[in-house]
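1. could you work out the structure for the sequence below:
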Amino acid sequence: MPQKLRILLVEDEDHLLDAIKLNLELEGYKVHAVKDGKTALKVFKEERFNLIILDVMLPEMDGFQVCETIRLENTEVPILFLTAKNTSEDRVMGLKKGADDYLVKPFNLEELILRVGILVKRSMKADDLKELNSYKIGDKTIYFNSFELKQDDGVIVPLTKKETMLLKLLIERKNEAVSREQILETVWNYDVYPSTRTIDNFILTFRKYFEPDQKNPVYFHSIRGVGYKFTDIH
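-> Below you'll find the model as predicted:
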């Protein structure tokens, strides 16, 4: 029997918490429901989840803060925000903090179930990739755990931790644009924010490593006003 997919539900309104939990369980998900942000972070560190459903307005610690904290440790697990505020500023804020989707209250439970299904599928694909310790681009293989790049001819090029983390992020989101905000949160962990030029320099370095023609890149792209993208041409 296949293992049930696990969802962390964080919602402080009892009636909504119960309704969402019941409907998700009827769909076959295993749901761990909590009512505040601090408990959510504790549970998240102790257990493994395929998806997090996170209310924005929570006591003590709001959903944005919870999302930020989770994203410092985990960039893969999808996060779906629930909010009573239907403003573009809140949606943008949520997405900048690392959310994958946004649903405004009151919402249709059927729509929630559909969105959950889409996000969980994405989570499972990310997990499949996470199991890989290496990734091949052209004639070179990246080894994420040992921070090195190995060419087919046996030459090994050492990678810095930041290079490895940025490569992993872009590869995990292959064929998707990754925003500068997501890169800063994931790779730089809010330490010292690099300038856009710093990230550009990393992309230029990756082109030196992997591109047959650096002036006409096929793998690593800068998208003006958006961010960066790794394209898998195979």
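2. domains of this structure?
-> What the TED database lists as the domains of the chain is 4-127, 132-228.
3. pick the most deeply packed of the ones you listed.
-> Burial of those is given as mean neighbour count (mean count of other C-beta atoms under 10 Å); domain 4-127 ranks first at a mean of 17. Heads up, the C-betas are built off the backbone N, CA and C, glycines and all.
4. how much space is there between residue 116 and residue 53?
-> In this view, residue 116 and residue 53 are 7 Å apart by C-beta to C-beta, to the nearest Å.
5. hey, what's in contact with both of those two?
-> Counting by C-beta atoms under 8 Å, 6 or more residues apart in numbering, the common neighbours of residue 116 and residue 53 are 7, 80.
6. reduced to three states, what does the residue located most distally from the centre of the chain come out as?
-> Distance from the centre of the chain peaks at residue 153, with 34.0 Å (C-alpha atoms, centre = their mean). The three-state label given to residue 153 by DSSP: H, G, I helix; E, B strand; the rest coil is coil.
7. next up, the contacts around it.
-> residue 139 are the contacts of residue 153 under C-beta under 8 Å, 6+ apart.
8. could you check the pLDDT of it?
-> Residue 153 is assigned a pLDDT of 90 by the prediction.
9. please apply the same query to the one 4 residues further on.
-> Confidence per residue is given as pLDDT, and for residue 157 that number is 93.
10. gap between it and residue 219?
-> Relative to residue 219, and taking C-beta to C-beta, residue 157 is found at 16 Å.
11. can you list the helices and strands that the lowest-mean-pLDDT helix or strand in the chain packs against?
-> Across the helices and strands of the chain, mean confidence by mean pLDDT, DSSP states H and E is lowest for helix 88-96: a mean of 76. Using 3 or more C-beta pairs under 8 Å, 6 or more residues apart in numbering; DSSP states H and E, the elements in contact with helix 88-96 are helix 63-73, strand 79-83, strand 101-104.
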